[in-house]
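# coords below, sequence missing:
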């Protein structure tokens, strides 16, 4: 069953396995889900998978891009309107919430929703009722709400562009989609999936050499999976049925490669790693990335000595959790680098992370 649910959510690496586990954890509840991540990471695919895994899967899944519709029309799109409600409203019309009744509604780019609409959406989430534009009849609402954004909503709150009360209503169960550069081991599988769809349309597909795949794994992918899809389409047009080597890639993808670099292969993680045990329906907070990393390291005690110099934290006077986790991460990375005499590839294996991800963290923390 889960294979069918995740047919379009491609990736066997640990980051995507964690996303899939979170989806299965929350799917059978009616908790509101907020999907976070950069543009092009596949947030709508996650929302569709979440709907398919839920008890509402036999009802409608209705997506709407809140940033693509002018603010003055968004209320009508969401809640519908009555005949004569405004110029051009020659008939009554159902809104997306009404269409999604008993099913799920996906509010994409929720961070771009105008403030006046945020107030009205908050009322729907709190009271589960709404009215059509120009009408006075209240409609009860039984809809699973899934929202997504590429923005940092907490920054938007600080800037006065997003309501804090709405954020907490939406952020019941956050799922963060990793950027493609954070999961390069999934790139061969993603390319195979994209090429299979092209082949299904009757077209010939290219064959990428190992060095070409290695270059793509080391590229930073600012456009994420969407950019990879565009490249796959481009290569299939330029090299139908042909071999594509490193030199055949567009110039910007011909990144400099480490002479010791090797192709990363996704390995499926066991169900015990990075999965909360027996969470109750009322405690629906997912394991965050820092906790996942910590659990992964602890799964290999022979590789990393768990007795860090920081010792057990003192909680009597409070604790800045974010700073503490960052400091812990820095110490683990430095310890792995010391243990491997500066060999980044070996350190990445000890920490059970991707070499590219580790290189980024070394640069970020200015480690040697």
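Cool, the structure landed. Note that the coordinates shown come from a computational prediction; the quantities given were computed from them, not determined experimentally.
# Can you get me a residue count around the residue nearest to residue 144 when sequence neighbours are not counted?
Once flanking residues are discounted, residue 144 sits nearest to residue 104: 4.1 Å by C-beta to C-beta, 6 or more residues apart in numbering. Placement of C-beta: from N, CA and C, glycine included. Residue 104: 24 surrounding residues under other C-beta atoms under 10 Å.
# what's the answer for residue 210, then?
Residues near residue 210, counting by other C-beta under 10 Å: 12.
# start the count at 293, not 1, going forward
Sure, I'll start counting at 293 from here, so that last one is residue 502.
# Leaving out sequence neighbours, find the closest residue to it.
residue 555 is the one closest to residue 502 (C-beta to C-beta, 6+ apart), at 5.8 Å.
# Mind checking what secondary structure that neighbour has?
At residue 555 the chain is in coil, as set by DSSP: H, G, I helix; E, B strand; the rest coil.
# shouldn't it be in contact with residue 505?
Yes: at 6.0 Å, residue 555 counts as touching residue 505 under the criterion of C-beta atoms under 8 Å.
# Give me the more crowded residue out of the two.
residue 505 (18 against 13).
# Figure out the helix or strand that the more buried one lives in.
helix 502-510 (DSSP states H and E).
# in that helix, what's buried?
503, 504, 505, 506, 507, 508, 509, 510 (16 or more other C-beta atoms under 10 Å).
# a markdown table for the residues you listed, including pLDDT?
As requested, these are exported to a markdown table (pLDDT from 0 to 100):
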| residue | pLDDT |
| --- | --- |
| 503 | 96 |
| 504 | 97 |
| 505 | 97 |
| 506 | 96 |
| 507 | 97 |
| 508 | 97 |
| 509 | 96 |
| 510 | 95 |
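# if we can go back for a sec, would you enumerate the residues in contact with the residue nearest to residue 436?
339, 342-343, 346, 348, 351-354, 435-438 (C-beta atoms under 8 Å, 6 or more residues apart in numbering).
# Where in the protein is the helix or strand with the lowest mean pLDDT?
Sorting the helices and strands of the chain by mean pLDDT, DSSP states H and E puts helix 581-590 at the bottom, at a mean of 38.
# Follow the chain on from that one and name the next helix or strand.
Helix 581-590 is succeeded, C-terminally, by helix 613-631 (DSSP H and E).
# buried sites along that next one?
Those would be 617, 620, 621, 622, 624, 625, 627, 628, 629, for helix 613-631 by 16+ other C-beta under 10 Å.
# The fourth one touches residue 658, doesn't it?
Right, the one you point to is residue 622. No: using C-beta under 8 Å, residue 622 is not in contact with residue 658; the gap is 9.8 Å.
# so where's the stretch 493-642 of the chain uncertain?
559-609 (pLDDT under 70).
# Swap in 50 and give it another go.
561-601 (pLDDT under 50).
# ok, for the residue sitting nearest the centre point of the chain, nearest residue in space, not its chain neighbours?
Centroid check for the chain by C-alpha atoms, centre = their mean gives residue 469 as the closest residue, at 1.5 Å. Among residues not flanking residue 469 along the chain, residue 329 sits closest, at 3.2 Å (C-beta to C-beta, 6+ apart).
# ok now do the one you found, which residues does it touch?
335, 440, 442, 468, 469, 470, 471.
# give me the element residue 527 is part of.
helix 516-530.
# Next, the residues that contact that helix from outside, please.
Contacts of helix 516-530 (C-beta under 8 Å, 6+ apart): 330-334, 471-472, 479, 482-483, 486-487, 490, 495-498, 500, 508, 513, 515, 536, 540, 542, 545.
# got the angle for it vs helix 502-510?
Helix 516-530 and helix 502-510 are oriented at 150 degrees to each other (axes from the mean of the first three to the mean of the last three C-alpha atoms, to 10 degrees).
# Please name the strands paired to the helix or strand following helix 516-530 in the sheet, noting orientation.
Next in sequence after helix 516-530, counting helices and strands by DSSP H and E, comes strand 535-536. Using DSSP bridges, strand 535-536 pairs in its sheet with strand 499-500 (parallel).
# shared neighbours of residue 555 and residue 505, anything?
Shared contacts of residue 555 and residue 505, counting by C-beta under 8 Å, 6+ apart, come down to residue 480.
# Burial check on residue 360, number of neighbours?
Residues near residue 360, counting by other C-beta under 10 Å, number 11.
# Now do the same contact list for it.
residue 401.
# Show the model's pLDDT score for it.
Residue 360 is assigned 92 on the pLDDT scale.
# Surely it is within a helix?
No: under three-state DSSP, residue 360 falls outside any helix and is assigned coil.
# Give me the distance between it and residue 401.
7 Å (C-beta to C-beta, to the nearest Å).
# Same question for residue 380.
25 Å.
# Compare those two (neighbour count), which wins?
residue 401 (19 against 7).
# With adjacent residues omitted, what lies nearest to the more buried one?
residue 359 (3.7 Å).
# Tell me how many other residues surround residue 490.
18.
# what do you get for the one 4 residues further on?
By other C-beta under 10 Å, the residues close to residue 494 number 6.
# Quickly note the distance from it to residue 529.
Residue 494 is 14 Å from residue 529, by C-beta to C-beta.
# now residue 620
For residue 620 relative to residue 529 (C-beta to C-beta), the value is 48 Å.
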